[in-house]
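>>> predicted model follows, preceded by the sequence.
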Amino acid sequence: MERYEQYRRVFDHFDSNGDGKICPAELRKCMTAIGGEMTEEEVVSAVAVIDSDGDGLLCLEDFVKIIEGAAEEERAGDLKEAFNMYVEDAGGCITPKSLKRMLSRLGERRSAEDCKEMIACFDLNHDGVLSFHEFEMMMSSA
C-alpha cells in the first residue's frame, strides 16, 4: 500500500493539469525529468500501447505498469550482469570451476566438490552447470 501511495504522489506530480490522467505531453515531460528522451511520436506510441481504456491518456494503473515494468527490466539486467560475472567461457553457463574462481575472488574459499554440490541444488536439467534460467531461479529463491 505504501508503494502505491508513492506511485500516486509521483503520478500527481506529473499530472500537471490535475485531471487524473497523464497525456503524452505530460509523459514526455516526465521522461525528460528522469533523464530519458522521447520524441513526440515515441510518447504517443508508448501511451497507445499502455493505455488500458483507449482514451489516449494514462491513468494511475497504467502509470504503475510503466514504473513496475521499468523496475523489472532493470532487475533482469542486473541479474544478467551478475550471472556473467560467474561465466568464464563461451558456453554461457556457470561451471563448478567458474563458481570456485568467482567465490575465491570474493574471499570465500570452496573446494571443487563444494561448488559441484552448490550447483546441483539448482541444476534443474542435471547437466552439471547453471544456465541463466537456473541462476535466475536460484536468485529468486534467495
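Nice, I can see it. Residues are numbered from 1 along each chain as shown.

>>> would you agree residue 139 is in contact with residue 79?
Yes. Using Cβ atoms under 8 Å, residue 139 is in contact with residue 79, at 6.1 Å. (C-beta placed from N, C-alpha, C; glycine too.)

>>> how's the chain carved up into domains?
What the record gives for the chain is the domain set 1-72, 87-141, from the TED database.

>>> can you pull out the helices in this structure?
All helices of the chain, identified by DSSP state H, fall at 2-14, 24-33, 40-50, 60-86, 96-105, 112-120, 132-141.

>>> can you redo the ones you listed as a markdown table with mean neighbour count?
Shown next, in a markdown table, are those (neighbours: other Cβ atoms under 10 Å):
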| stretch | mean neighbour count |
| --- | --- |
| helix 2-14 | 13 |
| helix 24-33 | 17 |
| helix 40-50 | 14 |
| helix 60-86 | 13 |
| helix 96-105 | 16 |
| helix 112-120 | 15 |
| helix 132-141 | 14 |
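
>>> just put these in a markdown table and tack on distance to residue 126.
Below are those laid out as a markdown table (distance: least, Cβ to Cβ, whole Å):
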| stretch | distance to residue 126 |
| --- | --- |
| helix 2-14 | 39 |
| helix 24-33 | 46 |
| helix 40-50 | 41 |
| helix 60-86 | 19 |
| helix 96-105 | 14 |
| helix 112-120 | 8 |
| helix 132-141 | 11 |
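
>>> could the ones you listed go into a markdown table alongside mean pLDDT?
Listed next are the helices of the chain as a markdown table, based on pLDDT from 0 to 100:
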| stretch | mean pLDDT |
| --- | --- |
| helix 2-14 | 88 |
| helix 24-33 | 85 |
| helix 40-50 | 86 |
| helix 60-86 | 82 |
| helix 96-105 | 91 |
| helix 112-120 | 93 |
| helix 132-141 | 86 |
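
>>> how near is residue 4 to residue 94?
37 Å (Cβ to Cβ, to the nearest Å).

>>> over to residue 110?
Taking Cβ to Cβ, one finds residue 110 at 13 Å from residue 94.
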